[in-house]
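*Asks:* build the 3D model from these lines:
(2 chains)
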2 protein chains.
Amino acid sequence: MERFSFNQATAQHWPLAAAVAGCAAAGVPGIGLWREPVQEYGLDRAARLVRAAGLTVTSLCRGGFFTTPDWWDENRRAIEEAATLGTRELVLVSGGLPPGSRDVDGARRQVADAVAALADEATAAGVRLAIEPLHPMFSADRCVIATLGQALDIAERFDPAVVGVVVDTYHVWWDDTVYAQIARAGDRIAAFQAADWVTPLPEGVLLGRALPGEGCVQLRRLREAVDAAGYTGPVEVEVFQAALWSRPGPDILAATIDAYLTHVS
Amino acid sequence: MERFSFNQATAQHWPLAAAVAGCAAAGVPGIGLWREPVQEYGLDRAARLVRAAGLTVTSLCRGGFFTTPDWWDENRRAIEEAATLGTRELVLVSGGLPPGSRDVDGARRQVADAVAALADEATAAGVRLAIEPLHPMFSADRCVIATLGQALDIAERFDPAVVGVVVDTYHVWWDDTVYAQIARAGDRIAAFQAADWVTPLPEGVLLGRALPGEGCVQLRRLREAVDAAGYTGPVEVEVFQAALWSRPGPDILAATIDAYLTHVS
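*Replies:* The predicted structure is shown next:
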């Protein structure tokens, strides 16, 4: 259990305070937080809450969306929030194409430029910008960074302490170069997240993930690969799934821990 | 219009004889056929029908599905059917993971082995095995070959006259290496298919494609890239979309021609 972290989005409807208490009661050492529920609860109050519960905040989701007009203010705020919560890893989901645009190269350049623009702020705050490649089915509307190789092409322009990458099994498992890219990533691996792939995908595809063990992803192999690359950090389980979300928070946590111990750790 | 080909799956419910007549009447020079409607109509009869109409069969969809038990017999039959229809290009969709399997590497090896096993048959029949990478959202259940690079890794083991690749804009547009891979493909480009990417994706994701111009894909740029790589063959438009399929065949063909002329040619 020492590396397990519960990403709060796995129990989307579990209020923050209850989720934190539930994790602490279950002996979970880490939690991955999202900006919206933290803001709703109050940033400073959330920081005190997790500290008092003895939990480590393993990452904050998420900055990014660099193709929207307010990206600069939003990402500066996200960096501050990460620092306040005491986590080093700010997950960045780059954003998709601007409405009506077909300029995928331009959108990708914008991501690289935005990361460069934010690097000093992140350094000053002691926060790492963790670029997350999302599955290519999200390239148009959510994340133009579609592979680990692409994320590393950007990250490698910076100090590994300032810009890293997220390896999320759900997004990268299909890539025949993923093991080579994980080895390449080395100390740039800022976070490792686990979810499984199942079909058929639901409408909109966002909520199609499954708990570890329910799908076709070689989760343990991927976890061993990030370990072999030198990663010693937490293993977050992050599953977006409507059926799972409809269950009570403590049940979701118990099922997630079980799935993690059986199929990932 | 001289390079335009109408893939019959774009008008899924248009009977073969009507589709062939419709294409001929509209001055369409080529048609892409599917095995099931051809078998239903009768293979020899279908071959005579398209010949009498003066249409070129630009490709036959599809062989492949190499992880199913009857792949050998099915693919030998598909090669014969392509030869009978007078097309050189047999599109291969590799198939996904066998039920319950997580061995994506093994499934990919099986594809390479199957192509090797079929190469002599194909050569004898004058048919090219055209490996089609499908978008990674299909990797689990439909096609473990997810990128043009991967398809070429297999195809390059063979004579370019015997094993080639399909470039379908819908499947490859998101890939930041796609233009480099198209240049690499050169005379291995066996077919070029055009469809556009729109969101949100529908449940099951198979029927989410759009006519050229309706989505975010740089269709003309991709067509120019295959041309620059030396491809001079037909440009098939192939769109799977429930709403489009509900329209009368002649309307679909007219809309497809218009979309092709405006956004691809």
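
*Asks:* tell me the residues of chain A that contact chain B?
*Replies:* Selection of chain A residues close to chain B by CB under 8 Å from any CB of the partner chain yields A:97, A:101-102, A:104, A:108, A:135-137, A:139-141, A:146-147, A:149-150, A:173-176, A:197-205, A:215-218. Placement of C-beta: from N, CA and C, glycine included.

*Asks:* which of these count as buried?
*Replies:* For those, a burial check counting by 16 or more other CB atoms under 10 Å in any protein chain shown picks out A:97, A:102, A:104, A:108, A:135-137, A:139-141, A:146-147, A:149-150, A:173-176, A:197-199, A:201-202, A:205, A:215-218.

*Asks:* quick one on the thing from earlier: now, the residues of chain A next to chain B that are in strands?
*Replies:* Within those, residues falling in strands by DSSP state E are A:Trp197.

*Asks:* how about A:Ser101, what does it touch?
*Replies:* Contact partners of A:Ser101, counting by CB atoms under 8 Å, 6 or more residues apart in numbering or on different chains, are A:67, A:107, B:216.

*Asks:* mind listing the helices for the stretch 1-150 of chain A?
*Replies:* Listed in chain order, the helices found in the stretch 1-150 of chain A under DSSP state H, counting those that start in this stretch are A:16-25, A:35-41, A:43-52, A:71-85, A:104-125, A:148-155.

*Asks:* just these: most buried one?
*Replies:* By mean neighbour count, with neighbours taken as mean count of other CB atoms under 10 Å in any protein chain shown, helix A:148-155 ranks first of these at a mean of 23.

*Asks:* now that one: mean pLDDT?
*Replies:* Mean per-residue pLDDT for helix A:148-155: 98.

*Asks:* re earlier: reformat the contacts of A:Ser101 as JSON lines; add distance to A:Glu156.
*Replies:* Below are the contacts of A:Ser101 laid out as JSON lines (distance: CB to CB, whole Å):
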{"residue": "A:Thr67", "distance to A:Glu156": "22"}
{"residue": "A:Ala107", "distance to A:Glu156": "20"}
{"residue": "B:Cys216", "distance to A:Glu156": "27"}
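
*Asks:* give me the buried positions along stretch A:157-168.
*Replies:* A:158, A:160, A:162-168.

*Asks:* contacts made by it with the rest, please.
*Replies:* With CB under 8 Å, 6+ apart, stretch A:157-168 has contacts from A:59, A:89, A:91, A:112, A:115-116, A:119, A:122-123, A:128-134, A:148, A:151-152, A:154-155, A:182, A:185-195, A:222, A:226, A:238.

*Asks:* can you rerun that using 7 Å?
*Replies:* Contacting residues not belonging to stretch A:157-168 are listed as A:91, A:115, A:119, A:122-123, A:128-132, A:148, A:151-152, A:155, A:182, A:185, A:187-193, A:195, A:226 [CB atoms under 7 Å, 6 or more residues apart in numbering or on different chains].

*Asks:* for stretch A:50-59, same thing?
*Replies:* By CB under 7 Å, 6+ apart, stretch A:50-59 touches A:5, A:20-21, A:23-24, A:29-33, A:85-87, A:89, A:91, A:130, A:191, A:234, A:236.

*Asks:* mind giving me the PyMOL command for buried ones among those residues?
*Replies:* Selection of buried members from the contacts of stretch A:50-59 for PyMOL, criterion 16+ other CB under 10 Å:
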select buried, chain A and resi 5+20+21+23+24+29+30+31+32+33+85+87+89+91+130+191+234+236
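
*Asks:* grab the most central residue of chain A for me.
*Replies:* A:Val91 (5.2 Å; CA atoms, centre = their mean).

*Asks:* before we move on, the earlier item: can you redo the helices of the stretch 1-150 of chain A as a markdown table with distance to B:Pro15?
*Replies:* Shown next, in a markdown table, are these (distance: least, CB to CB, whole Å):
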| stretch | distance to B:Pro15 |
| --- | --- |
| helix A:16-25 | 57 |
| helix A:35-41 | 52 |
| helix A:43-52 | 62 |
| helix A:71-85 | 52 |
| helix A:104-125 | 38 |
| helix A:148-155 | 45 |
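
*Asks:* contacts only, for whatever residue of the stretch 151-265 of chain A ends up closest to chain B.
*Replies:* Proximity to chain B, evaluated over the stretch 151-265 of chain A using CB to the nearest CB, is greatest for A:Trp174 at 3.9 Å. The contact partners of A:Trp174, by CB under 7 Å, 6+ apart, come to B:136, B:139, B:146.

*Asks:* any idea how far it lies from A:Phe138?
*Replies:* 13 Å (CB to CB, to the nearest Å).

*Asks:* what of A:Arg221?
*Replies:* According to CB to CB, A:Arg221 and A:Phe138 sit 23 Å apart.

*Asks:* more neighbours, those two?
*Replies:* A:Phe138 (23 against 14; other CB atoms under 10 Å in any protein chain shown).

*Asks:* how about that one: what's its closest non-neighbour residue?
*Replies:* A:Gly96 (7.1 Å; CB to CB, 6 or more residues apart in numbering or on different chains).

*Asks:* can you pull the phi/psi pair for the one you found?
*Replies:* phi -100, psi -150 (degrees, to the nearest 10).

*Asks:* now, the buried residues of stretch A:157-168 that are in strands?
*Replies:* Using DSSP E, those in strands are A:163-168.

*Asks:* looking at those residues, which is nearest B:Gly63?
*Replies:* A:Asp168 (33.9 Å; CB to CB).

*Asks:* report the beta-bridge partners for the closest one.
*Replies:* A:Gln193 (DSSP bridges).

*Asks:* and the pLDDT at it?
*Replies:* Reported pLDDT for A:Asp168: 98.

*Asks:* now do A:Thr67
*Replies:* 86.

*Asks:* what's the local residue count around the closest residue to it other than its chain neighbours?
*Replies:* Nearest residue to A:Thr67, sequence neighbours excluded (CB to CB, 6+ apart): A:Gly95, at 4.4 Å. Under the neighbour criterion other CB under 10 Å, A:Gly95 is assigned a count of 21.

*Asks:* mind listing what A:Gly95 touches?
*Replies:* A:64-68, A:143.

*Asks:* switch the cut-off to 8 Å
*Replies:* Neighbours of A:Gly95 in contact, by CB under 8 Å, 6+ apart: A:64-68, A:71, A:107, A:111, A:142-144.

*Asks:* swap in A:Leu222?
*Replies:* Contacts of A:Leu222 by CB under 8 Å, 6+ apart are A:167, A:169, A:172-173, A:178, A:182, A:194.

*Asks:* could you rerun that using 7 Å?
*Replies:* A:169, A:173.

*Asks:* ok so it is a strand residue?
*Replies:* No: counting by DSSP: H, G, I helix; E, B strand; the rest coil, A:Leu222 is not found in a strand; it is helix.

*Asks:* export the contacts of A:Trp174 to TSV and tack on distance to B:Pro15?
*Replies:* Shown next, in TSV, are those (distance: CB to CB, whole Å):
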residue	distance to B:Pro15
B:Pro136	34
B:Ser139	33
B:Ala146	34
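
*Asks:* near chain A, from those residues?
*Replies:* Among the contacts of A:Trp174, proximity to chain A is found for B:136, B:139, B:146 (CB under 7 Å from any CB of the partner chain).

*Asks:* so the second one sits right up against B:Ile145, yeah?
*Replies:* In other words, B:Ser139. No: shown here, B:Ser139 and B:Ile145 do not form a contact pair, counting by CB atoms under 7 Å, at 8.4 Å.

*Asks:* which neighbours do these two share?
*Replies:* Common neighbours of B:Ser139 and B:Ile145 (CB under 7 Å, 6+ apart) do not exist.

*Asks:* got phi/psi on the closest residue to A:Thr199 other than its chain neighbours?
*Replies:* Distances taken as CB to CB, 6+ apart put B:Asp141 closest to A:Thr199, at 4.6 Å, once the chain neighbours are dropped. With angles defined as degrees, to the nearest 10, B:Asp141 sits at phi -120, psi 0.
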